[in-house]
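Asker: Predicted structure and sequence below. I'll ask about it afterward.
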Amino acid sequence: MPLQIAIVPAGVWGTALAVPASAGGHDVRLWRADPEWPGRWTRGHQSLPGLSLPENVRPCAAVAEAVSGADLVLLAPASVFVAECARLVAPHLRPDAVLVSVTKGIEPQSHLRMSEVVAREIPTHWGRIAALSGPNFAHEVAAGFPTGTVIASPDVAVAQVAQDGLMTPRFRIYTNTDIVGVELAGSLKNVIALGVGISDGLGMGDNGRAALITRGLAETARLGEALGADARTFAGLAGMGDLVLTCTGDSSRNRRAGLAIGRGQSAEAFVRETQLTVEGVPTTRAAWALAQEQGVRMPITEVIYRVLYEGLSPMAGMEVLMARQKTHEVDEPFPFHMGE
């Protein structure tokens, strides 16, 4: 049966997700915080050139118009606005609506994952919240390129509602009950991508890039396990898949920011100049705080934190990583547990 799907707000990622959402014949409603937007609706987004959404996707002038009666509500703001977005939609939700957070990040003050932020703001729906994460550049999803992703919820039936609403022959969705691992993997890969970008900006070569990606995956899995995640999740699409894409893709905002930092520009100057959201910058602070709270070794994250927030030079940071005490690579055997 066709679903009613709301996407709030209709930014680049939210608009891109309207492509698979509409492909199944569902009624898709988009809202963004721009009172003039419905009047100049062009069936796309200015940052997704060539996109022309079908007639079953329509803009809404008010949040209530988009959300009321929806079976499935996708929350797609930048991480700093997730709490506000959840509060906006809360009064208009059906009691049985499924909410899907599609934002990757960790709330800086509370260190909550995005689904936890949504549950805090909408406690009536705490058992009907899922998270979408994976190696997904918005412009490729909008263009219909073959894409794989993960929707996670402790209740697999909740994840399956979102899977039914979004999966297409070009947008393959896997379900996972490890929402902790899926969200942490999607957030922490931005930190490692900053480090890879810094290394590339310094001209450290392909060997250094491969080492950072591999050891970055090991330390994010360590933190994930400490917080209750399944280590195997970090070997999947939300983990390894998203990490590789974000660390190597030319469209990765976090890698681009790292390149600029490695070449001498500050993160603040990069964001100011490009007007891009670089989730890895605040996530680095949260990840390093979590690592200290949990007593987890995260040397790459620590160095990136020191570069971003303590004035350590990128070159000195690379030297710190390479000069660390010698150690053994693997602490325990498969499944996928790697030591420092």
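Answerer: Perfect, thanks for sending it. Numbering: from 1, shown residues only.

Asker: CA only for contacts and neighbour counts going forward, please
Answerer: OK.

Asker: what ranges do the strands span in the stretch 201-340 of the chain?
Answerer: In the stretch 201-340 of the chain, no segments count as strands under DSSP state E, counting those that start in this stretch.

Asker: can you pull out the helices in it?
Answerer: 205-226, 242-248, 253-262, 267-274, 280-294, 299-309, 314-322 (DSSP state H, counting those that start in this stretch).

Asker: what does the stretch 1-150 of the chain give?
Answerer: Going by DSSP H, counting those that start in this stretch, the stretch 1-150 of the chain shows helices at 12-23, 63-67, 82-89, 114-121, 138-142.

Asker: do you know which of those helices lies nearest residue 181?
Answerer: Of all these, it is helix 114-121 that lies closest to residue 181, at 12.0 Å by Cα to Cα.

Asker: if we can go back for a sec, out of the helices of the stretch 1-150 of the chain, which one sits most buried?
Answerer: Comparing those by mean neighbour count (mean count of other Cα atoms under 10 Å), helix 12-23 ranks first with a mean of 24.

Asker: Can you work out which other helices and strands pack against it?
Answerer: strand 4-8, strand 27-31, helix 138-142, helix 156-166 (3 or more Cα pairs under 8 Å, 6 or more residues apart in numbering; DSSP states H and E).

Asker: If you average the pLDDT over the second one, what comes out?
Answerer: So the one you mean is strand 27-31. Mean pLDDT, taken over the full extent of strand 27-31, equals 98.

Asker: What of stretch 319-335?
Answerer: Regarding stretch 319-335, the rounded mean pLDDT is 75.

Asker: ok, back up a step: single out the most deeply packed of the helices of the stretch 201-340 of the chain.
Answerer: Of all the helices of the stretch 201-340 of the chain, helix 253-262 has the most neighbours on average by mean count of other Cα under 10 Å, namely a mean of 27.

Asker: Check what contacts it and list those residues.
Answerer: The contact list for helix 253-262, computed with Cα atoms under 8 Å, 6 or more residues apart in numbering, reads 190-191, 193-202, 246-250, 266-267, 270-271, 276-280, 314-315.

Asker: Run the angle between that helix and helix 299-309 for me.
Answerer: Interaxial angle, helix 253-262 versus helix 299-309 (axes from the mean of the first three to the mean of the last three Cα atoms, to 10 degrees): 60 degrees.

Asker: Format the CA atom coordinates belonging to helix 253-262 as CSV.
Answerer: Extracted in CSV, the C-alpha atoms of helix 253-262 (Å, rounded to 0.1, in the frame of the first residue of the first chain):
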residue,chain,number,x,y,z
ARG,A,253,32.8,17.9,2.8
ASN,A,254,34.8,16.5,5.7
ARG,A,255,37.7,15.3,3.5
ARG,A,256,37.6,18.7,1.7
ALA,A,257,37.8,20.5,5.1
GLY,A,258,40.7,18.3,6.1
LEU,A,259,42.5,19.0,2.8
ALA,A,260,42.2,22.7,3.6
ILE,A,261,43.5,22.3,7.1
GLY,A,262,46.4,20.3,5.9
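
Asker: Report the inter-axis angle for that helix versus helix 267-274.
Answerer: In terms of direction (the same axes, to 10 degrees), helix 253-262 departs from helix 267-274 by 120 degrees.

Asker: got the angle between helix 253-262 and helix 314-322?
Answerer: 110 degrees.

Asker: Need the mean per-residue confidence for helix 253-262.
Answerer: 97.

Asker: do the same with stretch 156-174
Answerer: For stretch 156-174, mean pLDDT is 97.

Asker: gap between the residue nearest to the spatial centre of the chain and residue 134?
Answerer: The centre of the chain sits closest to residue 104, judged by Cα atoms, centre = their mean, with a distance of 2.5 Å. Distance from residue 104 to residue 134, counting by Cα to Cα, to the nearest Å: 10 Å.

Asker: joint contacts of these two?
Answerer: The contact sets of residue 104 and residue 134 overlap at residue 186 (Cα under 8 Å, 6+ apart).

Asker: Now do the SS call for residue 185.
Answerer: Following DSSP: H, G, I helix; E, B strand; the rest coil, residue 185 is assigned to helix.

Asker: That one reaches residue 235, doesn't it?
Answerer: No: under the criterion of Cα atoms under 8 Å, residue 185 makes no contact with residue 235, lying 9.6 Å away.

Asker: And the two? Which one has more around it.
Answerer: residue 185 (32 against 18; other Cα atoms under 10 Å).

Asker: which ones are touching the more buried one?
Answerer: Taking Cα under 8 Å, 6+ apart, one finds 220-221, 224, 234, 238-239 in contact with residue 185.

Asker: Closest to residue 303 out of the residues you listed?
Answerer: Nearest to residue 303 among these, counting by Cα to Cα, is residue 220 at 14.1 Å.

Asker: Who are the contact partners of the closest one?
Answerer: For residue 220, the contact set (Cα under 8 Å, 6+ apart) comprises 184-185, 188-189, 298.

Asker: Could you do residue 298 as well?
Answerer: Residue 298 neighbours (Cα under 8 Å, 6+ apart): 219-220, 223, 288, 291.

Asker: Thanks again, I'm all set now.
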